[in-house]
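Student: quick one, structure for this:
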Amino acid sequence: MLMVARMEQIARLPRHLSDTRLYDLAMGAPLILFSGFALAGFAMVMPGQLQAQPPDYRLIITETVTGLFLALQLILVCMRRLPLRKAPGFWPRAWGFAGANLGYAVLLLPKTNLGPVMAGISATIVVTGTLGSLVTLFWLGRAFAILPQARMLVTTGPYAYLRHPLYLFEQWATLGVALQYLQPWGLLLVAASIAIQFPRMRYEEDVLRATFPGYEAYARSTPRLVPFLRPGSY
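Tutor: Next comes the predicted model:
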């Protein structure tokens, strides 16, 4: 009953008058600034890393893939479609903001010295997670959003197998980064970040159900976050 009431509330919500291109860009400004500063940082340090003897190719590959992901994210937030509907109230925005940003808290922890094996494992996880995020973000395209909103319905590509593949790949990459920092706090932050994705996904799915008639059938036939489970499950 609570889910039905929440969906009815969302369905009655019209597109807000402030949903102009300028307003959408203003709301995306923090992400634009973060991506821009990170890309500038990579551009400044990578020439020195390439000239080092011997070059640290694990670091260079990781930063290159991450830079591509940030660049695509920056482009999409500038050209994405305007939202057709948004989840109303404070909590959907709070969960969306926390889910998108809590993983960065690992960067506040002290770094730990990894041996060559663990360093290789960490780099592999980061690169595969970021590559998966990059491919998924490319497929998501102009439907990209941070907060629970309905812009477009994407059910092909990675979304044919999972309802939220971008969250899965992002959390996988976050795990790889967290291995490089003080434990158990790094892994605890990853666990908290993963847990926060579930209310975030619930609010997002409510908006998509209220906006796109075909979403319910898609959700019933597609796992939410974990591949190969029964349709409609996690």
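Student: only C-alpha atoms for contact and neighbour calcs from this point on.
Tutor: Noted.
Student: can you pull out the helices in the protein?
Tutor: 2-11, 21-27, 29-51, 57-79, 90-101, 116-140, 165-178, 185-211, 215-221 (DSSP state H).
Student: and the angle for the longest one with helix 90-101?
Tutor: Note on geometry: by axes from the mean of the first three to the mean of the last three CA atoms, to 10 degrees, helix 185-211 and helix 90-101 are set 130 degrees apart in direction.
Student: what sits against I32?
Tutor: 74, 77 (CA atoms under 8 Å, 6 or more residues apart in numbering).
Student: state the pLDDT value of the residue of the chain positioned farthest from its centre.
Tutor: Each residue of the chain has a distance to the centre, and by CA atoms, centre = their mean the biggest one is for Q53: 34.9 Å. Per-residue confidence (pLDDT) for Q53: 88.
Student: roughly how far does the closest residue in space to Y159 that isn't next to it in sequence sit from A195?
Tutor: Once flanking residues are discounted, Y159 sits nearest to P165: 6.5 Å by CA to CA, 6 or more residues apart in numbering. For P165, the distance to A195 (CA to CA, to the nearest Å) stands at 15 Å.
Student: what do you get for T222?
Tutor: 20 Å.
Student: run through who's touching stretch 107-124.
Tutor: 58-59, 62, 176-177, 179-182, 185-186.
Student: need those in JSON lines with pLDDT, distance to R93 and neighbour count, can you?
Tutor: Shown next, in JSON lines, are the contacts of stretch 107-124 (pLDDT from 0 to 100; distance: CA to CA, whole Å; neighbours: other CA atoms under 10 Å):
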{"residue": "R58", "pLDDT": "90", "distance to R93": "36", "neighbour count": "15"}
{"residue": "L59", "pLDDT": "90", "distance to R93": "34", "neighbour count": "14"}
{"residue": "T62", "pLDDT": "94", "distance to R93": "30", "neighbour count": "18"}
{"residue": "G176", "pLDDT": "97", "distance to R93": "27", "neighbour count": "26"}
{"residue": "V177", "pLDDT": "96", "distance to R93": "26", "neighbour count": "22"}
{"residue": "L179", "pLDDT": "96", "distance to R93": "29", "neighbour count": "25"}
{"residue": "Q180", "pLDDT": "95", "distance to R93": "30", "neighbour count": "21"}
{"residue": "Y181", "pLDDT": "96", "distance to R93": "29", "neighbour count": "20"}
{"residue": "L182", "pLDDT": "94", "distance to R93": "30", "neighbour count": "16"}
{"residue": "W185", "pLDDT": "96", "distance to R93": "26", "neighbour count": "15"}
{"residue": "G186", "pLDDT": "96", "distance to R93": "25", "neighbour count": "25"}
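Student: what's the farthest-apart pair in these?
Tutor: R58 and W185 (24.1 Å; CA to CA).
Student: the residue nearest to Y159: how many residues sit nearby?
Tutor: For P165, the count of nearby residues is 24 (other CA atoms under 10 Å).
Student: picking that back up, turn the helices of the chain into CSV, including distance to V154.
Tutor: Formatted as CSV, the helices of the chain follow (distance: least, CA to CA, whole Å):
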stretch, distance to V154
helix 2-11, 19
helix 21-27, 20
helix 29-51, 22
helix 57-79, 15
helix 90-101, 19
helix 116-140, 7
helix 165-178, 11
helix 185-211, 10
helix 215-221, 10
